[in-house]
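Visitor: coordinates only, sequence not included:
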């Protein structure tokens with residue numbers, strides 16, 4: 001395992017599908033979309049039941065009721081199939097809220113046109129459908145649905161006044177239309193307000209997620225170099241120690257100290273010094289193995305965790321980094337500057353405290369400095 005990459009949490013194994021899984025699916029978003037569609041279908045079923053009652057009470061002929069009921073059931077099945085199959089995810093708005101709302105309005109106005117003496121009862125279904133859309137449509141969709149319902153209902157009322165004046169009297173239909181023409185835009189305005197609130201909440205959620213990501217980054221990373229900071233490196237070392245205790249593996253720890261860094265700051269300024277630190281981190285990450293972890297330990301000191309428990313191979317890795325740095329400028333603003341470092345390297349001994357390992361590497365570092373710098377001392 002690469003210690004620089006936190007392992008993803010293991011997901012529980014999926015059990016056998018339940019009846020709800022078979023009906024709604026297992027994907028949470030798709031499940032919600034299918035559930036909402038089936039919930040909205042209840043309005044259709046009420047409409048079908050209303051037509052059945054109208055036929056039973058001899059308010060309308062069976063044939064128109066059967067045709068419209070068949071279309072309604074087919075509509076329910078088509079939208080269910082599209083959502084359940086995942087085909088809906090090809091569209092910009094996968095919930096298909098507006099198409100479902102418009103189709104529902106069409107069938108309910110159709111029921112309004114054929115239910116004769118009890119047609120006024122379908123007005124409540126129109127309001128119910130638009131209210132459902134209030135919580136799911138965006139502002140534009142709500143305006144479209146509202147305008148569509150008013151125009152469609154108005155055209156139907158005019159037609160029925162001329163074709164069936166005994167059931168659709170002018171006085172009653174004018175009252176129905178005025179009620180619809182005032183209620184529907186109000187519902188549309190409410191939907192627009194809710195859509196704006198949802199948009200603001202989504203934006204706030206995104207901002208909070210970015211802030212949390214930034215906080216997590218600050219908690220684990222060094223601002224200047226982007227490497228792990230000292231606190232998080234101690235956690236990584238502890239994870240590696242536990243892994244070594246379980247598996248019997250070994251690892252090495254090296255403390256690297258940039259040589260004459262104070263002289264760089266005094267000669268070229270702190271901006272160049274910061275550039276040197278960033279360049280060291282960048283070049284080190286380009287050379288080190290994926291399993292190795294580098295952290296800024298403090299100031300110009302860095303701690304390197306080497307997954308290899310053999311000190312000779314670990315020393316060779318450190319020397320490769322040293323040779324690599326000699327071929328690259330220490331700072332773009334000072335091309336002649338080269339980064340050199342002293343290193344204290346030691347292997348973790350099974351069962352010992354991490355403090356003891358780090359202390360041994362630190363003593364080896366001081367020994368490397370005492371013997372002329374720009375070298376690696378194994379301790």
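Guide: Perfect, thanks for sending it. Quick caveat: nothing in here was measured; it's all calculated off a predicted structure. Numbers count the residues shown, from 1 in each chain.
Visitor: could you point out the helix or strand that follows whichever strand or helix holds residue 201?
Guide: Per DSSP states H and E, residue 201 falls inside helix 170-220. Using DSSP H and E, the helix or strand that follows helix 170-220 in sequence is helix 230-247.
Visitor: and that following helix, what does it pack against?
Guide: helix 170-220, strand 293-298, strand 301-306, helix 354-370 (3 or more C-beta pairs under 8 Å, 6 or more residues apart in numbering; DSSP states H and E). All C-beta spots, glycine's among them, are computed from the backbone N, C-alpha and C.
Visitor: what does it rub up against?
Guide: 1, 3-4, 219-221, 228, 249-251, 253, 293, 295-298, 303, 305, 307, 348, 350-351, 354 (C-beta atoms under 8 Å, 6 or more residues apart in numbering).
Visitor: listing partners with orientation, what would you give for whichever helix or strand comes after it?
Guide: Where DSSP H and E defines the elements, the next helix or strand beyond helix 230-247 is strand 252-258. For strand 252-258, the pairing partners within the sheet under DSSP bridges are strand 301-306 (antiparallel), strand 341-347 (antiparallel).
Visitor: can I get those strands in a markdown table with mean pLDDT?
Guide: What follows is these, written out as a markdown table (pLDDT from 0 to 100):
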| stretch | mean pLDDT |
| --- | --- |
| strand 301-306 | 94 |
| strand 341-347 | 93 |
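Visitor: please verify my assumption that residue 94 contacts residue 88.
Guide: Yes - counting by C-beta atoms under 8 Å, residue 94 touches residue 88, with 4.8 Å between them.
Visitor: what is in contact with the two at once?
Guide: Common neighbours of residue 94 and residue 88 (C-beta under 8 Å, 6+ apart) are residue 33.
Visitor: which one of these two is surrounded by more residues?
Guide: residue 88 (20 against 16; other C-beta atoms under 10 Å).
Visitor: thought that one was touching residue 100?
Guide: No - using C-beta under 8 Å, residue 88 is not in contact with residue 100; the gap is 10.3 Å.
Visitor: low-scoring stretches of the stretch 1-150 of the chain, by residue?
Guide: Scanning the stretch 1-150 of the chain for pLDDT under 70 picks out 1-15, 133-135.
Visitor: what is the helix holding residue 201 packed up against?
Guide: helix 122-134, helix 139-163, helix 230-247.
Visitor: out of those, which one sits most buried?
Guide: helix 122-134 (a mean of 20; mean count of other C-beta atoms under 10 Å).
Visitor: report the inter-axis angle for it versus helix 170-220.
Guide: Orientation check (axes from the mean of the first three to the mean of the last three C-alpha atoms, to 10 degrees): helix 122-134 against helix 170-220 gives 20 degrees.
Visitor: how long is stretch 222-238 end to end?
Guide: 19 Å (C-alpha to C-alpha, to the nearest Å).
Visitor: now that stretch: average pLDDT?
Guide: If you average the pLDDT over stretch 222-238, you get 89.
Visitor: residue 102 against residue 146, yeah?
Guide: No - using C-beta under 8 Å as the test, residue 102 is too far from residue 146 to be in contact (11.0 Å).
Visitor: can you pull the phi/psi pair for the residue located most distally from the centre of the chain?
Guide: Distance to the chain centre peaks in the chain at residue 166, reaching 58.2 Å (criterion: C-alpha atoms, centre = their mean). Phi and psi for residue 166, reported as degrees, to the nearest 10, are phi -70, psi -30.
Visitor: any idea how far residue 152 is from it?
Guide: Distance, residue 166 to residue 152, by C-beta to C-beta, to the nearest Å: 23 Å.
Visitor: which stretches in the stretch 1-150 of the chain count as strands?
Guide: Remark: no strands are assigned in the stretch 1-150 of the chain by DSSP state E, counting those that start in this stretch.
Visitor: so where's the stretch 151-300 of the chain shaky on pLDDT?
Guide: 217-218.
Visitor: one step back: nearest to residue 323, of the strands paired with strand 252-258?
Guide: strand 341-347 (11.9 Å; C-beta to C-beta).
Visitor: what is the orientation angle of that closest one with helix 354-370?
Guide: Using the same axes, to 10 degrees: strand 341-347 against helix 354-370 is 140 degrees.
Visitor: list the contacts of strand 341-347.
Guide: 250-259, 280, 304, 309-311, 314-315, 318, 322, 325, 357, 360-369, 373-379.
Visitor: same question for stretch 64-75.
Guide: 44, 47, 48, 51, 52, 54, 55, 103, 107, 110, 111, 114.
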